[in-house]
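K.L.:
just to be clear, the model below is a prediction. Sequence and coordinates:
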Amino acid sequence: MDPRDEAYLPSFAAKGSGYLVGRGKTSAEEREARSDSISLLKPTPRQRQIIELLSQGKTNKEIAAGLNLSTRTIEVHRATIMLKFGFHSIADLVIYAIREGLVPVLVDNQQSRAAKSG
């Protein structure tokens, strides 16, 4: 089988050869594909709760105390969420939470502060 055959690429890459032949996806294509696949996934109620709390800036320890769970349990939930949705950072998680309406978006600009104070 010719390694340039696109049908061959997934198994070829999975073998860890380190070589990819052919045109790879651009970063924009990857983001769009990931966004489409993420929108098909739904978090469990517990995952949703942890996503909300992480998006609010809570630490694993704070979440664990608030939910009466061990820190390790929260770490495992967090790792599972990151893998399931393909997040590479908490920023990715927060963007997802905002896009899905899991956390409110608060806009704080100088005009609204000036109007309130003056």
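P.N.:
Good, I have the coordinates. Numbers count the residues shown, from 1 in each chain.
K.L.:
walk me through the domains of this structure.
P.N.:
As recorded under automatic domain parsing, the domains making up the chain are 1-40, 41-104.
K.L.:
which stretches of this structure form helices?
P.N.:
9-14, 27-40, 45-55, 60-67, 71-85, 90-99, 110-117 (DSSP state H).
K.L.:
what residues does the fifth one touch?
P.N.:
If you take CB atoms under 8 Å, 6 or more residues apart in numbering as the criterion, helix 71-85 is touched by 38, 41, 43, 46-47, 50-51, 54, 60-61, 63-64, 67, 87-88, 92-93, 96. For the C-beta atoms, the positions are set from N, CA and C on the backbone; glycine is no exception.
K.L.:
and what of stretch 59-68?
P.N.:
With contacts defined as CB under 8 Å, 6+ apart, stretch 59-68 is touched by Gln49, Ile50, Leu53, Leu54, Lys58, Leu69, Ser70, Thr71, Thr73, Ile74, Glu75, Arg78.
K.L.:
and the gap between the third one and Leu40?
P.N.:
Read that as Leu53. In this view, Leu53 and Leu40 are 24 Å apart by CB to CB, to the nearest Å.
K.L.:
try the last one
P.N.:
Here the distance between Arg78 and Leu40 works out to 21 Å (CB to CB).
K.L.:
these two - which one has more neighbours?
P.N.:
More crowded of Arg78 and Leu40, by other CB atoms under 10 Å: Arg78, with 20 against 6.
K.L.:
weakest of the domains of the chain by average pLDDT?
P.N.:
Per-stretch mean pLDDT for those is lowest at domain 1-40 (a mean of 51).
K.L.:
mind listing what Arg46 touches?
P.N.:
His77.
K.L.:
and if we set it to 10 Å?
P.N.:
Leu67, Leu69, Thr73, His77, Thr80, Ile81 (CB atoms under 10 Å, 6 or more residues apart in numbering).
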